[in-house]
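Participant: Okay, sequence plus prediction incoming.
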Amino acid sequence: MLKNAIIAGLFASILSFGEPVHAGVIMSETEVQSGLSDSTTINKTVYIQGKQQKIETSHDEKIIDLQKGVLYEIDPKRKSYVRKAFPPRIKHEAAKSSVKLSAVALKKTGRSRSIDGYSCDEYRGMGRLDVMEVTLDQCISQDAPGARELSNFQKEAASRLKARSPADSADSSKGMPLEESSIIKSRIPVTSSPDNATSAFLIATKTVVKNIAVRNLPPATFEPPAGFSMEVPREETAEVQSE
C-alpha cells in the first residue's frame, strides 16, 4: 500500500511538472514623448501573466484580458472603470490605419549592447502609411527575465487584432524590447499653397525597461479594484443619444 502511494505521488508530480505554468512578469517602463509640444515623461508599471496584462501609470490603469476578451480602463481618482470588448470594434478608417501602422518589419542591425545588466540585439524597421513615415528601433533581449511571457502575450494580442507585432521577425519575436525608439514623420499638404507645398511634423517616443521581476501574480491584479463602479463607455453613450 505504501509503495503504491509513493508511486502514485511520483506520477502525479511528473504530470504537474509537465503542465504549462505561466509566471507573472513585473517591469518598470519610462516613456518620453516629444514633438508637437513640450516633452512628456510617463512612468509605467507593466504586469503580464499568461493572457492578461495591466499597465499602470500615476493617473490611470488599463487591463487587457485576452481569455475573457475584455479591456478595462480604470480611473483611480473617480474610483470607476469602463469595460470594453477586446479586440475593439474599429469603425473609422483612421483607426484601421493605426492598426496597419503597427506592422513594421524589423531587421537585425548586427549590433549588440547591454541595458540594465541584460544583453540585447539591435533591430531597425521602417514603414510608410499614406502621409506618415515610421522609423522603429528596438534593442531586444532573449535572456531577460520574463522575455518569453511578454512575447507570447504580444503575439496573442496581435493575432486578435489581426496585425503583426512590431517585433514580428524570426529572431526578435521571442525576446523582450529593453529599449524602443520610434519616430513618426508626417507631411500634410498645405491647401492654401499654389505649389503643392507640405507641412511636416515629428513625433518621437523612447521607452526604456528596467527593474524586471518574475513571480506569480494573484488574480485580483487583473481585475478592477473592489468597490469601484462600472460606467458606460462614452462611445456607447453617444450612440444611444444619436438614436
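Facilitator: Good, I have the coordinates.
Participant: and the spatially most central residue of the chain, which of the three is it?
Facilitator: Against the mean C-alpha coordinate of the chain, by Cα atoms, centre = their mean, the closest residue is Gln154 at 6.5 Å. At Gln154 the chain is in helix, as set by DSSP: H, G, I helix; E, B strand; the rest coil.
Participant: what comes into contact with the longest strand along the chain?
Facilitator: Secondary structure of the chain per DSSP state E: the longest strand is strand 198-214. Strand 198-214 has contacts (Cβ atoms under 8 Å, 6 or more residues apart in numbering) with 23-36, 115-116, 118, 144-146, 149, 176-190. Backbone N, C-alpha and C define where each C-beta goes, glycine included.
Participant: Put the alpha carbons of it into CSV.
Facilitator: Output of strand 198-214 as CSV, limited to C-alpha atoms (Å, rounded to 0.1, in the frame of the first residue of the first chain):
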residue,chain,number,x,y,z
THR,A,198,3.7,70.4,-47.4
SER,A,199,3.9,71.0,-43.7
ALA,A,200,5.9,68.4,-41.7
PHE,A,201,5.9,67.4,-38.1
LEU,A,202,7.8,64.8,-36.0
ILE,A,203,6.6,62.8,-33.0
ALA,A,204,9.4,60.9,-31.2
THR,A,205,8.9,58.4,-28.4
LYS,A,206,11.5,56.5,-26.4
THR,A,207,10.8,53.7,-23.9
VAL,A,208,13.3,52.1,-21.6
VAL,A,209,12.5,49.0,-19.5
LYS,A,210,14.1,48.5,-16.0
ASN,A,211,13.6,46.6,-12.8
ILE,A,212,12.2,43.3,-14.2
ALA,A,213,10.9,40.7,-11.7
VAL,A,214,9.2,37.3,-12.2
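Participant: For this structure, which segments are assigned as helices?
Facilitator: With helices called from DSSP state H, the chain shows them at 2-18, 93-101, 147-161, 234-242.
Participant: Any buried residues in stretch 25-38, and which?
Facilitator: Val25, Ile26, Met27, Glu29, Gln33, Gly35 (16 or more other Cβ atoms under 10 Å).
Participant: Where strands are concerned, which of the residues you listed count?
Facilitator: Those of the buried residues of stretch 25-38 mapping onto strands are Val25, Ile26, Met27, Glu29, Gln33, per DSSP E.
Participant: From Lys62, how far off is the residue nearest to the second one when sequence neighbours are not counted?
Facilitator: In this case it means Ile26. Distances taken as Cβ to Cβ, 6 or more residues apart in numbering put Ala213 closest to Ile26, at 4.7 Å, once the chain neighbours are dropped. Here Ala213 is placed at a distance of 20 Å from Lys62 (Cβ to Cβ, to the nearest Å).
Participant: Between these two, which is the more surrounded one?
Facilitator: Shown here are Ala213 and Lys62; by other Cβ atoms under 10 Å, Lys62 has more neighbours (15 against 11).
Participant: Which residue, neighbours along the chain excluded, lies closest to Lys77?
Facilitator: Once flanking residues are discounted, Lys77 sits nearest to His59: 7.4 Å by Cβ to Cβ, 6+ apart.
Participant: Likewise for Pro177?
Facilitator: Closest residue in space to Pro177, ignoring its immediate chain neighbours: Gln138 at 4.4 Å, by Cβ to Cβ, 6+ apart.
Participant: Show me what the one you found is bridged to.
Facilitator: Assessed by DSSP bridges, Gln138 has beta-bridge partners Tyr123, Glu180.
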